[in-house]
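Colleague: Provided below are the primary sequence and the corresponding predicted coordinates.
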Amino acid sequence: MKLLFKNATVIPITSKPFVGDVLVEDGKIKKVGQIRSSRSFETIDLTGKFLLPGFIDAHAHIGLYPEGLGPTESEGNEMTDPVTAHLQAIDAFYPEDESIKKALSGGVTTAFIVMGSANPVGGLGFVAKFRGKTALEMCLINPAGVKMALGENPKRVYSEKKTMPTTRMGTAAIIRSFLLKSEDYMKKKEQGLKEGKQFFERDPKYEVGEKLLKRELPARIHAHRVDDIVTAVRIAEEFNLKIVLEHCTEGYKLADFLASKRIPVVAGPLMTFATKLELRYMSMEALKILTQKNVLVALMCDHPVIPLEFASVQAAVAMRYGVKEEELLKMLTINPAKILGLEDRLGSIEIGKDADLVVWSGHPFDMKSTVEQVYIDGELVYSK
């Protein structure tokens, strides 16, 4: 099937906007520019409309806290063990969550879906495209990262249970212990293989630890305060982990440090208030400071904290605080694609990439603009 999007204001993200056309064939972007109509194309006239790549949220809990089902139906945290590395968010994902259709209505087509931050080592997140009816149909990559958490959340959960961790040092010690045990597990497995022995002691927790230590999966570390951010970096360097900092609320205070370490940040949510102590120095200027220092930043909604349908609204608000429009558009598209290792497929309108395209009535940062159509892999999945 060939689709020709004609006469749109195209915002490709990785190149300058233009008025022109985009040709889609077999779910991929085939041509971009000025394209002649043909009887072999289904032509969609987008005169006066804007065409953008689908937005990507690199940290969301959509489908784990289904809308309207209440707290007893929440699947976001397994608060029974500080180390649950072997949990898979996809096993708790509810594909009929009403929030998914609403996310599409806000132009969001892809998300990294991950459990909450109750545990120092929480488990495995996955990347989903919002098309299809089952978790398997939506899944793009599983697993795609290992959730870890520092700061107040693990302390609060386990203080109530009167068990470790009740302090920040306890949380860090649990993460280190898990990684040390994973190193021992790897060595034991490798030694057995060298000796020609079959390994019968597989442990799903330490299988995940092995993938972290081999840098096959990134550690996605929840950290708000300066001290937690530095602890995350310190542990990562001790064990040579790939890391992404989640939230990174006070990261603007360490912008030079993060830039020198080339550590990506999934920042946000911004349109909220300080619900706990570690958020009291939250700044709307954080995005501006981080991008000025060339830190790779994606912008999250932390759904359901801010529903995914308001991704463009949150970004537009950030413009009031000096963040450039083009930088914010990258934070919703190509930057999260890079963080997820999907920049060769997603995040911009370029030849060869997946045809995840959104038709807007106007510029997405104009509060009067609405999403009129959403295509994923060239298939219409939402129409207003």
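Modeller: Noted; the coordinates are in hand.
Colleague: Can you tell me the strand partners of the longest strand anywhere in the chain and which way each runs?
Modeller: Taking DSSP state E as the criterion, the chain has its longest strand at strand 139-149. Counting by DSSP bridges, the strands paired with strand 139-149 are strand 121-129 (antiparallel), strand 219-223 (parallel).
Colleague: I would like the residues contacting the last one, please.
Modeller: Just to be clear, that refers to strand 219-223. 59, 112, 114, 117, 125, 145-151, 153, 212, 229, 231-232, 236, 241-248, 266 (C-beta atoms under 8 Å, 6 or more residues apart in numbering). Quick note: C-beta positions are derived from backbone N, CA and C, even for glycine.
Colleague: Tell me the first helix or strand C-terminal of it.
Modeller: Beyond strand 219-223 on the C-terminal side, the first helix or strand identified by DSSP states H and E is helix 226-239.
Colleague: So for that next one, what gets flagged as buried?
Modeller: Val226, Asp228, Ile229, Thr231, Ala232, Val233, Ile235, Ala236, Phe239 (16 or more other C-beta atoms under 10 Å).
Colleague: And for the residue nearest to Asp21 when sequence neighbours are not counted, the neighbour number?
Modeller: Spatial nearest neighbour of Asp21, chain neighbours left out: Ile35 (4.1 Å); criterion: C-beta to C-beta, 6 or more residues apart in numbering. If you count neighbours by other C-beta atoms under 10 Å, Ile35 ends up with 17.
Colleague: And for Gly322?
Modeller: 13.
Colleague: do Gly268 as well
Modeller: Counted with other C-beta under 10 Å, Gly268 comes out at 30.
Colleague: Lys161 too?
Modeller: 11.
Colleague: surely the residue nearest to Asp21 meets Leu4?
Modeller: Yes - with contact defined as C-beta atoms under 8 Å, Ile35 counts as touching Leu4 (6.2 Å).
Colleague: what is in contact with these two at once?
Modeller: Asp21, Val22, Leu23.
Colleague: just these now: which is nearest Gly347?
Modeller: Val22 (15.0 Å; C-beta to C-beta).
Colleague: Wait, a helix at the closest one?
Modeller: No - assigned with DSSP: H, G, I helix; E, B strand; the rest coil, Val22 falls outside any helix and is strand.
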